[in-house]
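Asker: fold the stuff below for me.
(2 chains)
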Amino acid sequence: MADVAHASSNAPAPKPAPHVKDNAIIRFENITKRFDKVVAVDTVNLEIKEGEFFALLGPSGCGKTTLLRMLAGFETPTEGRILIDGKDVAALPPNKRPVNMVFQSYAVFPHMKVSDNVAYGLKMDGVAAPEIKTRVSEALELVKLGGFGDRMPDQLSGGQRQRVALARALVKRPRVLLLDEPLSALDAKLRDQMRSELTSLQEKVGITFIMVTHDQDEALAIATRCAVMNRGVLAQVATPADLYEFPNSRFVADFVGSVNMFEGVLEKDEPNEAHVRCPELAATVYLDHGVTGARGSTVWVALRPEKIEMHKRPAGSSAMKMEDAPQGANVVAGVIRDIVYLGSETNYEVELEGGRRVKTFRSNLTRYDQEDFTWDEPVWLAWHACSPAVLLS
Amino acid sequence: MTTLSQRRARRERPGPLEYTKRWPLRVIVLATLAFLYLPLITLMVFSFNTSRRNVVWQGFTTDWYVKAFNNESLLQAFVNSLTIAFLCTIISVILGALAAVMLWRFRFPGKTAVEGSMALPIVVPEICLGVAMLVFFARVLPWPMGLPWPLNLGAITIAHVSFSFPFVSTVVRARLASFNRELEEAAKDLGASEWRTFWDVLVPHMQPGLIAGALLAFTLSLDDFVITFFTAGPDTITFPVKVYSMLRFSVTPEVNAASTVLILVTVVLTAVGLQMQNRTEADKAKA
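Answerer: Presented below is the predicted three-dimensional model:
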């Protein structure tokens, strides 16, 4: 795919998290799920390793939740096999599978005390009463709810209820823990806190976590590896950094993070250099690596806003007068049309000479940075030859 | 500029719907209450009247209660009514709850037809239902005469269940609408079988609906006259039917006394039911 050459030559190989093992704990083989005639999941092949914190990421209706529910046993695949620890689980109902789930609504039993909620799964397994007691208090301690055992669920906050759901699933010591949109119902501050708590919890218990989310920030922040899904198909499976820096398609580049996308024609493609002619930019984009595409074919240049530098430009100087321009492989001229001040950074929208608008983010390094640029100010936009990703699809 | 005191004065003027604060509304409220409860109070007061006639107050006595309790056939009718109501409640709650769960959970051919036919006993005029029951028990399923008590009440109980359980089902189904399906999945995910999930998750959720439905079924059965009138035999008289037959001779305070006892029984049972419902709510709120 695009940029593979670059990824392997320049970028360091992604280091797996230390607690991730080599064996595949879960394997989806040619999984297809149809509801009547709608294809929810289309021939998915995926391997998840033991100890991973894996995220299924995608827009709503992309099939990620269906995939998770098939793993839990609430849906049956139309075609294909699901293996857990190498064993086909097709015949196993949800209550016999070595996986447990934290539901989006948390699904804490409202008529049971917190401790009874956590004990429920162990009771179903026929664990002896004294053992249940110690394991329940251990689990509550683990999610920092020690001393909450006698409360009823409606006396808890949303965050605490989620911890109950976590404890209730973890107390069964499942092989895999499934989380369905775990943070979507929490407010922003609590979400940040739960993010890091989920990560440390996963490292502590050493159980494989699989999370479904539509929030790309969440997936990038928590997961060791992500699968991006689109219309039932796996679009890309990679580490968060690879997903963001080396997307394999326009969909992934656009879905994960913010991006400027320019259509262009591949004019030159050599191992250490490539040129893409972009009519919208009224310029040629120079790259310091090959893209392995056919010469003359249509490609897309995906450029992240934070990878564009902005420089002041004397009024009247045009993009063609390169002697005024800052040094760099790629430089275009434009005028600032929109400014959004976000505190830590400022987002600018720059209109190029052809009318196309380009987003660029700029960190506010000092307290006066945001005053440097103003509306309708002429600027240069510049980026390195290695910054854009070139996409073939 | 308005001063603070002006604003306070304005706030104290009662709003259009503060019916305890405006006198015309207060009058309407009192009149409504009087209209609803004065007849009942009159009935109860005259059950203590010494006069045989119900129109003039002559003095206080409890003789009518003694007389009512000594009236063998009235007492039998009273016991019959309570027994039928009790059996009808149990059967209606089970049937109604199962019907509600079926209609809520499953899709099957003819579901709309089933739903419609469930509402039929509610909308069909009682007199028609009564006649229908009479014909049914005369021709199709003749209930054997002379069965020992309480088996002889079977026909009436079946008739009562047939119009009570749709009410239970409606109430329970309304309750099920607020059920979070993820609770059920969570129970299964934690290792519960279908059966355990039903008892541990679904039934506790339905509980307020079951109690409300039981109260409905009980009161519907207890005070039904029309349908019972058509299905009752000579040895299976219920309380409303008995009272009606007593009225045909004369309205004695004995009837008042018996009615007062029935009202008390109903009020107490309703209070207990509501108390049970409140307690489940309070359990949740308890620290």
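
Asker: residue numbers of the stretch 1-150 of chain A in contact with chain B?
Answerer: Residues of the stretch 1-150 of chain A lying close to chain B (CB under 8 Å from any CB of the partner chain) are A:72-74, A:93-96, A:99-101, A:103-105, A:107, A:109-111, A:120-121, A:124-125. To be clear about C-beta, it is placed using only N, CA and C from the backbone, and glycine gets the same treatment.

Asker: one more pass at 6 Å, please.
Answerer: Contact residues (CB under 6 Å from any CB of the partner chain) of the stretch 1-150 of chain A with chain B: A:74, A:94-95, A:100-101, A:103, A:105, A:107, A:111, A:120-121, A:124-125.

Asker: what two of those are the furthest from one another?
Answerer: The two members of those with the most space between them (CB to CB) are A:Ser105 and A:Asp125, at 23.9 Å.

Asker: of these two, who's got more company?
Answerer: Between A:Ser105 and A:Asp125, counted using other CB atoms under 10 Å in any protein chain shown, A:Ser105 has the larger neighbour count: 16 against 12.

Asker: can you list phi and psi of the more buried one for me?
Answerer: phi -90, psi 10 (degrees, to the nearest 10).

Asker: can you tell me the element the residue nearest to the spatial centre of chain B falls in?
Answerer: Among the residues of chain B, the one closest to the centroid is B:Thr219, at 2.5 Å (CA atoms, centre = their mean). According to DSSP states H and E, B:Thr219 maps onto helix B:203-222.

Asker: in that helix, what's buried?
Answerer: Neighbour-count burial for helix B:203-222, counted by 16 or more other CB atoms under 10 Å in any protein chain shown, picks out B:205-222.

Asker: what packs against that helix?
Answerer: helix B:72-105, helix B:154-176, helix B:253-285 (3 or more CB pairs under 6 Å, 6 or more residues apart in numbering or on different chains; DSSP states H and E).

Asker: mean confidence (pLDDT) on the following helix or strand past that helix, please.
Answerer: Going down the chain from helix B:203-222, the next helix or strand is helix B:226-231, by DSSP H and E. On average, the pLDDT along helix B:226-231 is 89.

Asker: and helix B:226-231, what does it pack onto?
Answerer: Counting contacts by 3+ CB pairs under 6 Å, 6+ apart, helix B:226-231 is packed against helix B:126-135, helix B:154-176.

Asker: deepest of those helices, which one?
Answerer: helix B:154-176 (a mean of 23; mean count of other CB atoms under 10 Å in any protein chain shown).

Asker: chain center to the helix or strand following that helix, what's the gap?
Answerer: The helix or strand immediately downstream of helix B:154-176 is helix B:181-189, counting by DSSP H and E. Distance of helix B:181-189 from its chain centroid, counting by CA atoms, centre = their mean, to the nearest Å, is 34 Å.

Asker: for helix B:181-189, what is the average pLDDT?
Answerer: 93.

Asker: next SSE downstream of it?
Answerer: Using DSSP H and E, the helix or strand that follows helix B:181-189 in sequence is helix B:194-197.

Asker: show me what that next one is packed up against.
Answerer: Using 3+ CB pairs under 6 Å, 6+ apart: helix B:194-197 touches helix B:181-189.
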